[in-house]
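Engineer: model the structure of this input:
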Amino acid sequence: MKFVLVFGPQAVGKMTVGQELEKITGLKLFHNHMAIELVYPYFGFSAEAWRLTNLIRMEIFQAAAASDMEGMIFTYVWAFNEQEDWDYVDRICRIVEEAGGEMFFVELEAALESRLDRNRTPNRLAHKPTKRDVAKSEQELLGSLDLYRLNSNPGEIARPNYVRIDNTGLSPEETALAIRSRFGL
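Structural biologist: Sure, this is the predicted structure:
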């Protein structure tokens, strides 16, 4: 199985790029909000909600890794200054690689102004109900700048299948084509 981990800050375009990558590769998209939006109506953003969200994700990863599925695309906001996030990514890698799968790391970055614009797109709001309070979502995005480092430092990701793309001036289709080309997906 090919597992494409698309990560970067909020509203950088992870899900939208993932949707385009799914179209041109046939790999299945499991964007990070799919589990969040399932649990949120019942538990809000509580500790229990995050426990269930992570449980659902890990069960899906394990089932996918054990299946004959060609591959999966998963999107994630990775806080590089949080050990818990490094451990989370390591756990995903273990699940995939122990089942004989291959990991592909796609880091997206974009200018803050572009991210603020993307935070309001109809596609994002259609697929992420918890982001529909745009003012709150924007406040969270801006607040995270002081709390988290959401893009890696040079050389920090020491994986052979890794690419970093500044998609500020790229369409989702162009970004997906670049990913497909880079990894031969």
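
Engineer: any buried residues in the helix or strand hosting Leu141, and which?
Structural biologist: In this structure, Leu141 sits in helix 134-147 according to DSSP states H and E. Residues of helix 134-147 classed as buried: 137-138, 141 (neighbour count, 16 or more other Cβ atoms under 10 Å). (Glycine included, C-beta is placed from N, CA and C.)

Engineer: just stretch 85-103 next, same as before
Structural biologist: For stretch 85-103, the neighbour count (16+ other Cβ under 10 Å) marks 85, 88-89, 92-93, 95-96, 101, 103 as buried.

Engineer: reformat the residues you listed as CSV; add pLDDT and secondary structure.
Structural biologist: Converted to CSV, the buried residues of stretch 85-103 look like this (pLDDT from 0 to 100; DSSP: H, G, I helix; E, B strand; the rest coil):
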residue, pLDDT, secondary structure
Asp85, 96, helix
Tyr88, 96, helix
Val89, 97, helix
Ile92, 97, helix
Cys93, 97, helix
Ile95, 97, helix
Val96, 97, helix
Gly101, 97, coil
Met103, 98, strand
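
Engineer: between those, which sits nearest Glu70?
Structural biologist: Gly101 (10.3 Å; Cβ to Cβ).

Engineer: got a list of what that closest one touches?
Structural biologist: Neighbouring residues of Gly101 by Cβ atoms under 8 Å, 6 or more residues apart in numbering: 1-3, 65, 71.

Engineer: where strands are concerned, which of these count?
Structural biologist: Using DSSP state E, 2-3, 71 are the members of these that sit in strands.

Engineer: perfect, I'm done here.
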